[in-house]
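In: Quick one: sequence plus predicted model below, questions after.
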Amino acid sequence: MRIVIIDDSGARATVLEEGLRGAGYDDIHVVLPRGAFVARLERMAPDVVLMDLGNPSRDTLEEMLIVSRALAKPIAMFVDQSDDSMIAAAIDAGVSAYVVDGLRKERIKPILDLAIRRFNAFARMQSELEDARTQLADRKTIDRAKVILMAQRGLSEPEAYALLRTSAMNQGKKMVDIAAALITANDLLGGTP
Amino acid sequence: MTPIRIAFLGLTDAAVLVAAREKGFAESEGIALELLRDTSWATLRDRLVYGQVQAAHMLAPLAVAVTLGLSQQPCALAAPYKLNVNGNLLVMAPEFAVALEPDTSVRLHDPLAMAHDFAAAIGLHHRKPIIGVVHRFSSHALILRYVLASAGIDPDRDVVLRVLPPSLMVEAMRAREIDGFTAGEPWGSCAIEAGLAEAVAVGERLWQRGVEKVLTFRADWMEANAETVDALLRAMAKATAWCDDPANREELASLLSGAAYVGQPAALIERALAGCIVARQGETAVNLPNFLMFGREATAFPWQSQALWIYSQLLRWRMIEPDDAAPARAAAVFRPDIYRRALASSDAPMPGASMKVEGALIDPLPIGAPRGAITLGPDRFFDGRMFDPARIEDYLAGF
């Protein structure tokens, strides 16, 4: 069974491809949705096409599925409409799957289940990465504000930190917001560092 | 508050939805409106069909096509409210447009002559022109086919129609993947402003009162949630009136320019709202007062004859097999009964009939209405043909 993954973020495609290979599928191709990708896809004659539900290339792909003469059998998203819970899970996970007509449901289900799990795992990974990035950026901002307070008010590091925290609590704001405001004010006043 | 999620694409004609949320019209009807932007029509369609959203800002022909089972999972959709009329631009690269009438104002006002020039320009072009369309089942694509065919161009043979989402058109022009495109604003104006294209035709001159985006529900959900639907339609009617008031134009353009909506400069968005279209970079704007309509002349009323015109075009271009049951199913996508029920106690204009002969009005016509009178504007097609919804076969035989 030939599976094509269309994806412009390399990471998600890799996560999905590894999963599929691990489950014993070996005819897997990853295609970037750029330029003449539709013509490439046509030559590949895939049985299943997997892609992100929000991928902007889906309109282009669906047009190809309608007009293509190379694909003898029509391809539809979710051939078997009877499995509502699986379709709902796929939509929620952001998976869209185009499947050649005639492929049996039992052969599609494991692929789709795997895609759903991998898409969900990837989304979790992304949000954890995003959290980590934000935390790092927040810490840098707070460190800069501490340095300003230490230099201009002659405070020690724990004192500068305590002052920021107390100000945040008194104003009901986040420490990083107080720190950012301090940095802006300092920049405006031409202060150092 | 009842939470409602509506999917939309980043286009100027999402204005009524944006105003309903940002100006508090939805909230005042007890609706917590959440707007969810998508890039492609396929994603928007799937969110609606599979229930991630309760309603969508949808291409009218796509709503008909999904209902008739032509676009992936068949699903009965219902459109009780038109979010706008007109608003599209056909733009082509300057290298192609050089063979057309050079005076852009003359060109835009005479689409029939433009179509014949276009046929000649195809022969002069170094390759078969590739024209971007936003979807097979879009009013843009259907009317483009109609215009090209009027000059003897076979849209399936003499040009390549390439499907791309509207917000990707400008980049595709820049990369020379397409030679022109037809899309909702502001994308045509963006390409013109970047010097990549010039205006070749405006929707308003092709069908003076066409059909464009419709507020679409799943029919079963709409029937099961009558009170919410009515409240939402009342909010839409208020938002429509607000969008129509020229005094609010600047604020509306500024709202739409936000990153969560269209994400393009307000000045470009305002061109469509004001009906002042700059056809070529640096030129004075061409005045087209009906370029994009929201509420005047009962614009929001879903004439079932327009759903049938869409069906006739699906037949004409062999996108559907003739079927005795299909016309009734297509007409039933447009739901004037729901419009009347929801807006009965409002001051929204309320036509008495549900169908009309399309393209018959040369001059404005006052029509009878249960409440006051409405004047319908001229609704001619560019070639002067008339569409009688009771005689679809005769209409098609005339081409």
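Out: Structure's in. What do you need?
In: Helix or strand: which one has A:Asp92?
Out: helix A:84-93 (DSSP states H and E).
In: continuing past that helix, what's the next helix or strand?
Out: Heading C-terminal from helix A:84-93 (DSSP H and E), you reach strand A:95-100.
In: By mean pLDDT, point me to the weakest helix or strand of chain A.
Out: The helix or strand of chain A with the lowest confidence, counting by mean pLDDT, DSSP states H and E, is strand A:75-77 at a mean of 68.
In: what's the angle from the longest helix seen in chain A to helix A:84-93?
Out: Scanning chain A for the longest helix, with DSSP state H as the assignment, gives helix A:105-153. Helix A:105-153 and helix A:84-93 are oriented at 30 degrees to each other (axes from the mean of the first three to the mean of the last three C-alpha atoms, to 10 degrees).
In: near chain A, which residues of the stretch 151-300 of chain B show up?
Out: B:Arg162, B:Val163, B:Leu164, B:Pro165, B:Ser167, B:Leu168, B:Glu177 (C-beta under 8 Å from any C-beta of the partner chain). Yep, even glycine has a C-beta here, placed from its N, CA and C like the rest.
In: Name only those of those residues that count as buried.
Out: B:Arg162, B:Val163, B:Leu164, B:Pro165, B:Ser167, B:Leu168, B:Glu177 (16 or more other C-beta atoms under 10 Å in any protein chain shown).
In: Show the average pLDDT along stretch A:174-182.
Out: Stretch A:174-182 shows a mean pLDDT of 91.
In: Tell me the buried residues in that stretch?
Out: Quick answer for stretch A:174-182 (16+ other C-beta under 10 Å): A:Met175, A:Val176, A:Ile178, A:Ala179, A:Ala180, A:Leu182.
In: quick one: which of these is nearest chain B?
Out: Lowest distance from chain B to those (C-beta to the nearest C-beta) belongs to A:Ala180, with 20.3 Å.
In: mind listing what that closest one touches?
Out: Applying C-beta atoms under 8 Å, 6 or more residues apart in numbering or on different chains, we find A:Ala180 in contact with A:Thr141, A:Ala145.
In: Now do the SS call for it.
Out: Secondary structure assignment for A:Ala180 (DSSP: H, G, I helix; E, B strand; the rest coil): helix.
In: Can you give the contact residues for the host helix or strand of B:Leu108?
Out: Using DSSP H and E, B:Leu108 falls within helix B:104-109. Residues outside helix B:104-109 that contact it (C-beta under 8 Å, 6+ apart) are B:100-101, B:113-114, B:117, B:198-202, B:205, B:277, B:279-280, B:283, B:286, B:288.
In: Emit the ChimeraX select command for whichever of those residues are buried.
Out: Here is the ChimeraX command that picks out the buried ones among those, judged by 16+ other C-beta under 10 Å:
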select /B:100,101,114,117,198,199,200,201,202,205,277,279,280,286,288
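In: to the chain's geometric centre, what's the distance from the longest helix along chain B?
Out: Longest helix in chain B by number of residues, with DSSP H as the criterion: helix B:226-244. Chain-centre distance of helix B:226-244: 19 Å, with C-alpha atoms, centre = their mean, to the nearest Å.
In: Kindly report the same for stretch B:75-90.
Out: So, by C-alpha atoms, centre = their mean, the centroid of stretch B:75-90 is 5 Å from its chain's centroid.
In: Check whether it comes near chain A.
Out: No - taking C-beta under 8 Å from any C-beta as the criterion, stretch B:75-90 and chain A are apart, separated by no less than 10.1 Å.
In: so for that stretch, what's the average pLDDT?
Out: On average, stretch B:75-90 scores 96.
In: buried stuff in that stretch?
Out: B:75-90.
In: was I right about B:Gly377 contacting B:Asp363?
Out: No - B:Gly377 is not in contact with B:Asp363 according to C-beta atoms under 8 Å; the separation is 9.0 Å.
In: and those two? which has more neighbours close in?
Out: Between B:Gly377 and B:Asp363, counting by other C-beta atoms under 10 Å in any protein chain shown, B:Gly377 is the more crowded of the two (16 against 7).
In: quick one: the longest helix of chain A to strand A:95-100, angle?
Out: Using the same axes, to 10 degrees: helix A:105-153 against strand A:95-100 is 150 degrees.
In: Packing partners of helix A:105-153?
Out: Judged by 3 or more C-beta pairs under 8 Å, 6 or more residues apart in numbering or on different chains; DSSP states H and E, the packing partners of helix A:105-153 are helix A:10-22, strand A:48-52, helix A:84-93, strand A:95-100, helix A:157-171, helix A:175-188.
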